[in-house]
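> quick one, fold the following:
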Amino acid sequence: MRQASVKRTTKETAIEVTVDLDGQGRSSVATGIGFLDHMLDLLARHSRIDIEVKAKGDLHIDHHHTTEDVGIALGQAIKQALGDMKGITRYADVHVPMDEALTRVALDISGRPFLVFNVAFVRDKVGAFDTELVQEWFQAFAINAAVTLHVAALYGSNDHHIAESCFKGLARALRAAVTIDARAAHEVPSTKGTLGG
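Just a heads-up that it's a prediction; the model follows:
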């Protein structure tokens, strides 16, 4: 079973995350940040990964620590659930439109963490959520999932739509990349015979 649970506790946050890579896209998310909850619900639904997140953070300061630490814990859970990565498709890329916005996401479950985030937002906030935290979440996720992740918003004028297309793009790329390739179900998808170095 490709499942994992992660608990992360610091002086700033307490996070619990559970994932099932072979789920139905169910989500149970409570971070105290409405916009982040919305994005994580989208991530679960469109990746078909079951995701549970419980987070308590220092929201009286701002949303930064909670957003980043949720990205860290979710990335760690995905990495654990992937195990030895035998049989995974590994690579995926997708273009996701969201009304006037279009985002390209390319993913390599490489074991080598790297993020290229070429996304410009129009405003500083979507509701109460700082738009700069979208990149913080993606950075935390990519590093801790140990994936190479490229996210580029090709165009858009509505920040909610731009952010949503980024998360949906990641979801669809994850859905494809974690899928087991029946023709190589017992092979690590690398000429090195291993992923991660």
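> gap between residue 76 and residue 143?
10 Å (C-beta to C-beta, to the nearest Å). In this view, the C-beta of every residue, glycine as well, is placed from N, C-alpha and C.
> could you do residue 34 as well?
Distance from residue 34 to residue 143, by C-beta to C-beta: 25 Å.
> between the two, who's got more neighbours?
residue 143 (17 against 11; other C-beta atoms under 10 Å).
> what's the burial count for the residue nearest to that one when sequence neighbours are not counted?
Leaving aside its sequence neighbours, residue 143 sits nearest to residue 113 (C-beta to C-beta, 6 or more residues apart in numbering; 4.4 Å). Residues near residue 113, counting by other C-beta under 10 Å, number 18.
> before we move on, what about residue 5?
Neighbour tally, residue 5, other C-beta under 10 Å: 14.
> name the SS class of it, please.
Counting by DSSP: H, G, I helix; E, B strand; the rest coil, the backbone at residue 5 sits in strand.
> so which strand or helix has the closest residue in space to it that isn't next to it in sequence?
Once flanking residues are discounted, residue 5 sits nearest to residue 18: 4.5 Å by C-beta to C-beta, 6+ apart. Using DSSP states H and E, residue 18 falls within strand 13-20.
> any idea which helix or strand comes after that strand?
strand 27-30.
> next SSE downstream of that next one?
helix 34-47.
> what is the subsequent helix or strand relative to that following helix?
Next element after helix 34-47 (DSSP H and E): strand 50-57.
> for the protein, which segments are assigned as helices?
Secondary structure of the chain (DSSP state H): helices at 34-47, 64-82, 132-145, 159-177.
> buried residues in the third one, which are they?
Spelled out, that is helix 132-145. 133-134, 136-145 (16 or more other C-beta atoms under 10 Å).
> on that earlier part again, contacting residues around the residue nearest to residue 143?
142-148 (C-beta atoms under 8 Å, 6 or more residues apart in numbering).
> and these, which two are furthest apart?
Across those, the longest distance by C-beta to C-beta is 13.3 Å; it joins 144 and 148.
> okay, how far is it across stretch 76-90, tip to tip?
17 Å (C-alpha to C-alpha, to the nearest Å).
> all set now, cheers.
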